[in-house]
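>>> please find the sequence and the predicted model below.
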Amino acid sequence: VNNRDMAENGFDIHDRATSASRVGRVRQVITDTELASEVELEVGMMPGFPLMMGGTVVTKAALRICGPELWETQILTTE
């Protein structure tokens, strides 16, 4: 292991220990009647410890297109 790898590892551990959460990739799927958002998250388990839990939050909403720049949405589910 060289000094750069050791430093990068130290920065990574420090980042995980001091970060509350991170937002990863966001994906949206839009149809004529539904908007679905998928967000990858990493959440710190305990402040000060480099333990994180990750997962994807999926929210679905009913969609009504009222005009070229006007949409009405109603949240249906969040998992």
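Looks like it came in fine.

>>> tell me what Thr59 is bridged to.
Counting by DSSP bridges, Thr59 forms beta bridges with Ser37, Thr78.

>>> dump the residue contacts of it.
Ala36, Ser37, Val39, Ile75, Thr77, Thr78, Glu79 (CB atoms under 8 Å, 6 or more residues apart in numbering). C-beta coordinates here come from the backbone N, C-alpha and C atoms, glycine included.

>>> let me have those in a markdown table, extended by neighbour count.
Output for those, formatted as a markdown table (neighbours: other CB atoms under 10 Å):
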| residue | neighbour count |
| --- | --- |
| Ala36 | 16 |
| Ser37 | 15 |
| Val39 | 15 |
| Ile75 | 10 |
| Thr77 | 9 |
| Thr78 | 10 |
| Glu79 | 9 |
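
>>> return the member of these nearest to Val23.
Val39 (6.3 Å; CB to CB).

>>> part of a strand, is that closest one?
Yes. Applying DSSP: H, G, I helix; E, B strand; the rest coil, one finds Val39 inside a strand.

>>> can you count the residues close to the nearest residue to Ile30 once chain neighbours are set aside?
Counting by CB to CB, 6 or more residues apart in numbering, Leu63 is the residue found nearest to Ile30 once chain neighbours are left out, at 7.0 Å. Leu63 has 17 neighbouring residues, counting by other CB atoms under 10 Å.
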